[in-house]
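A.B. asks: Any chance you could fold what I've pasted below:
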Amino acid sequence: MGRNSKGTGRSSANAAAEHDELAIMVLAQFREVFRAAKLHFAAVQRVAGISGAQLWALTELHERPGLRVSELTQKMSLHQSTVSNLIEKLSGAGLIRRVREDGDRRVVRLQITNAGKKVIARAPKPARGVLPDVLAKLDKKELAKIHRSLEGLVKKMQVRAPEASKTHLENI
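C.D. replies: Numbers count the residues shown, from 1 in each chain. So this is what the prediction gives:
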């Protein structure tokens, strides 16, 4: 039985075929993750009448009343302008309201309205989306392992889109 240069007993053609098969399986997993996210966003739009990003913002405001736009931006890991646009749409729909602080009128706090609470109640779960939900449920060791793997993957890509890191998944 022939041995390759690493002494594993497998032919290099066999190892290459196994590598290619594994790469295809990982690609299929990425497709499944993104397709599941898109299906969830479509269900949110159909049932709740708002986008997945808007539902996530509403949920954050429901759980943490009085957040400022900058705090919501951080919670959602999105661009400030993206969150500002979300706030405009939610406010225009009567789902949230802006409240100025008594002491410093420059500070604007965001509050969910009763109409916003009703939207959350009827919306498909998880409210933050399927991917953020499962990531939040992973233990730190699993999350760190995925982070390292994806970091290595991104570094090896010839085409990069670092601005996408602050874009909601339904807009990618």
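
A.B. asks: tell me which element the residue nearest the centre of the chain falls in.
C.D. replies: Per Cα atoms, centre = their mean, the C-alpha nearest to the average position across the chain is that of Pro132, at 4.8 Å. Per DSSP states H and E: Pro132 is located in helix 130-137.

A.B. asks: Can you tell me what sits against the very next helix or strand once past that helix?
C.D. replies: Per DSSP H and E, the first helix or strand lying C-terminal to helix 130-137 is helix 140-156. With Cβ atoms under 8 Å, 6 or more residues apart in numbering as the test, helix 140-156 has contacts from 135, 138, 160. Glycine gets a C-beta too; all of them are placed from N, C-alpha and C.

A.B. asks: what about the chain, any weak spots by pLDDT?
C.D. replies: Counting by pLDDT under 70, the chain shows low-confidence ranges at 1-10, 172.

A.B. asks: and the top helix by length along it, what does it pack onto?
C.D. replies: Ordering each helix of the chain by length in residues (DSSP state H) puts helix 12-48 first. On a contact count with 3 or more Cβ pairs under 8 Å, 6 or more residues apart in numbering; DSSP states H and E, helix 12-48 meets helix 52-63, helix 114-122, helix 130-137.

A.B. asks: want to try TSV for those, with distance to Glu32 as columns?
C.D. replies: Output for these, formatted as TSV (distance: least, Cβ to Cβ, whole Å):
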stretch	distance to Glu32
helix 52-63	17
helix 114-122	27
helix 130-137	11
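
A.B. asks: most packed of these?
C.D. replies: helix 52-63 (a mean of 24; mean count of other Cβ atoms under 10 Å).

A.B. asks: who touches that one?
C.D. replies: Helix 52-63 is contacted from outside by 40-41, 44-45, 48, 50, 67, 72, 75-76, 78, 82-83, 86-87, 89-90, 95-96, 110-112, 116-117, 119-120, 123, 127-129, 132, 168-171, using Cβ under 8 Å, 6+ apart.

A.B. asks: Since that was my last question, I'll sign off now.
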